[in-house]
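A.B. asks: Predicted structure and sequence below. I'll ask about it afterward.
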Amino acid sequence: MRYINQIFGVLIIIILVSCAKQSTPMGGPQDEEPPKLLSITPSNKSLNVKPTVIELEFDEYIKTETPNKQIIITPRINKDEMEVTTNKNRVIINLNQELEDSTTYVFNFQKSIKDITENNTPENLRLVFSTGPQIDSLTVSGNVSFILPQRDKNITDVLVGLYTTEDTTNVLTAAPYYIGQTDSIGNFQLTNIKAGDYKAYAWHDPNNSLKAEEKQEAYGFLSEPIKISGNITDTQFFLSKADLSEFKINRTGVSGTNYDIVLSKFPVGVKVEHEDLNKTLFYRQNEKTIRLYHTTLRNDSIPIKIALTDSVGFKLDTIIYSKFENSERKNEKLEPTLNGRKNFISTIQAEIKFNKPLSEVNYDSLFFKYDSASFIFIKPEMLSFKDSSDRTLLSLNVTVSDSVKKEIFNFQAMDSTFKDIEGEYNEKKIEASFKRLDKETLAEEIKVKVNTDILPIIVQIQDKKEEIIAEQYLSESNIAIFRNIEPGTYTIRAIIDLNRNKVWDTSNMIENRQAEPIYYLENSANENPRDTIIRGGWSLEVTIEPNKQPTPTKKQEKLPQ
């Protein structure tokens, strides 16, 4: 009898637990209907209310998901103080702060509220109310796009925000006063804005922090504040990554017989000045570290001038007292890498990158082989340093005579072909095959006009891997002519080189400088409008049109009086 009572007690507990557990019913059609809002307090578009609690009631049990991050509230409130709880079919929001007077508030719930069965989300769930006698109704709309192409064609996690001009924060330091999200093609509309002057920003926000992380996330800004007295349309933002953190030397120190300078950021420009440079003093850059080598000086230090530039144009000019010591540490091995396109028409062009400064080349073991007993030996005039002060990058240019009736040419650099300034040789053989193209299969001429008078212009043709297969720098004309392009699908673009440094430069918000414009050749008839198809034997003439730049829009629609 005692055992029967125990079994009966266990069964009762199981039944009670099963009844208490909320779960999806077994069988039947899947619930695809989102929760329906039955009531909301305060009611939508209420006037002269200053709630401390907001309550929503739905027609089924619901749950919330990261509401303090997902719910977008404008104007800005301190969401860290806000408490969101659920009770069966209700959501209760305790604001725990006083709202501003005579201000229209908008709560955009996005995907923060879901049903407990299938995670269905109410669509376009918003609450608008005013703490004053009227609802602010001004709007700002426009489009956001990335300057450099993204892998995902759809735009996601991109926000647009307004900060009052009196606000000392910006998109890198705090959430905005007004905020909204773009759709999948970058269009946006900020609503219920109070008249006034605002600073405007847009940014990619995949971590949902409501501000831009300058080292990882792309962002854009308008150069001048927007004066909002009517509805503003056609506002354009272009996003790019721009790391405005301090550019500095993190540390310096001896590394074996060498001397390392470790920077806070990757330098795009490096200039080393010393009378012994490329005689007994050498350097190499590896990511954020600059390593100095001296072939004769030991147990002493010398002053070396370093001039550096980062990606946003910040400069760092200083003198480093570098010390070179004796050391029993083994030297780093020399490791060359061959880069460049493996197809050519008449001249083989490639680059040989070294991890250490180069000292000597053994030309007897450096050649192209095109059959079992035929060679093109590389001569000194076929090699040159791309930058005379940097001995880690060799440019290779070898013209192949038309009399050589071969298609494949095999590059070979035997072991011990290259010697670095520490006396180390390459230990491994380097090989690569280059293929000569038949001119009859190539496009004859691609004529590209950039419809602007602003010079200089960098015109580039990129393949599907985003590698530049042809480039021209235009300083006197807005027309580039390319010949002998392989058939394929390409992207053709034009960079307006405003600072004439022959590379694209991103924005600098501190200096109120926009990123250099990039204009793309587009054809709306193609599935991907930026794809340009080039076929063999073609001659193609195209025009690249400039796009709207990120300046404050002048078009305003006055509201009826």
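C.D. replies: Noted; the coordinates are in hand. Computed from a predicted model, the values in this text were never measured in an experiment.
A.B. asks: host element of Pro546?
C.D. replies: Under DSSP states H and E, no helix or strand contains Pro546.
A.B. asks: Next, count neighbours for it.
C.D. replies: By the criterion of other CB atoms under 10 Å, Pro546 has 13 neighbours. Backbone N, C-alpha and C define where each C-beta goes, glycine included.
A.B. asks: thought it was touching Asn451?
C.D. replies: Yes - with contact defined as CB atoms under 8 Å, Pro546 and Asn451 form a contacting pair (6.3 Å).
A.B. asks: tell me, what's touching these two both at once?
C.D. replies: Counting by CB atoms under 8 Å, 6 or more residues apart in numbering, Pro546 and Asn451 have no shared contacts at all.
A.B. asks: on contacts alone, who are the packing partners of the helix or strand hosting Arg291?
C.D. replies: Element membership of Arg291, judged by DSSP H and E, is strand 289-294. Using 3 or more CB pairs under 8 Å, 6 or more residues apart in numbering; DSSP states H and E, the elements in contact with strand 289-294 are strand 258-263, strand 269-273, strand 281-286, strand 300-309, strand 315-324.
A.B. asks: can we see that at 6 Å?
C.D. replies: strand 258-263, strand 281-286 (3 or more CB pairs under 6 Å, 6 or more residues apart in numbering; DSSP states H and E).
A.B. asks: Output the ones you listed as a markdown table; include the columns distance to Ile495 and mean neighbour count.
C.D. replies: Shown next, in a markdown table, are the helices and strands packed on strand 289-294 (distance: least, CB to CB, whole Å; neighbours: other CB atoms under 10 Å):
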| stretch | distance to Ile495 | mean neighbour count |
| --- | --- | --- |
| strand 258-263 | 26 | 21 |
| strand 281-286 | 24 | 20 |
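A.B. asks: Make a markdown table from the ones you listed and add mean pLDDT and distance to Asp497 to it.
C.D. replies: Listed next are these as a markdown table, based on pLDDT from 0 to 100; distance: least, CB to CB, whole Å:
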| stretch | mean pLDDT | distance to Asp497 |
| --- | --- | --- |
| strand 258-263 | 97 | 26 |
| strand 281-286 | 96 | 23 |
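A.B. asks: May I see these organised as TSV, with distance to Gly230 added?
C.D. replies: As requested, these are exported to TSV (distance: least, CB to CB, whole Å):
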stretch	distance to Gly230
strand 258-263	48
strand 281-286	52
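A.B. asks: how does this structure divide into domains?
C.D. replies: 37-130, 138-239, 249-324, 336-437, 441-544 (automatic domain parsing).
A.B. asks: from the ones you listed, which stretch is densest packed?
C.D. replies: A comparison of the domains of the chain by mean neighbour count, using mean count of other CB atoms under 10 Å, puts domain 138-239 on top with a mean of 18.
A.B. asks: Show the end-to-end separation of that domain, please.
C.D. replies: This stretch, domain 138-239, spans 25 Å end to end (CA to CA, to the nearest Å).
A.B. asks: do the same with stretch 407-427
C.D. replies: Chord length of stretch 407-427, first to last residue, is 29 Å (CA to CA).
A.B. asks: And that stretch, how far out from the chain middle?
C.D. replies: Counting by CA atoms, centre = their mean, to the nearest Å, stretch 407-427 is centred 36 Å from the centre of its parent chain.
A.B. asks: Go ahead and name everything in contact with that stretch.
C.D. replies: Stretch 407-427 is contacted from outside by 282, 293, 295, 331, 334, 336, 356-360, 362, 365-366, 368-370, 429-436, using CB atoms under 6 Å, 6 or more residues apart in numbering.
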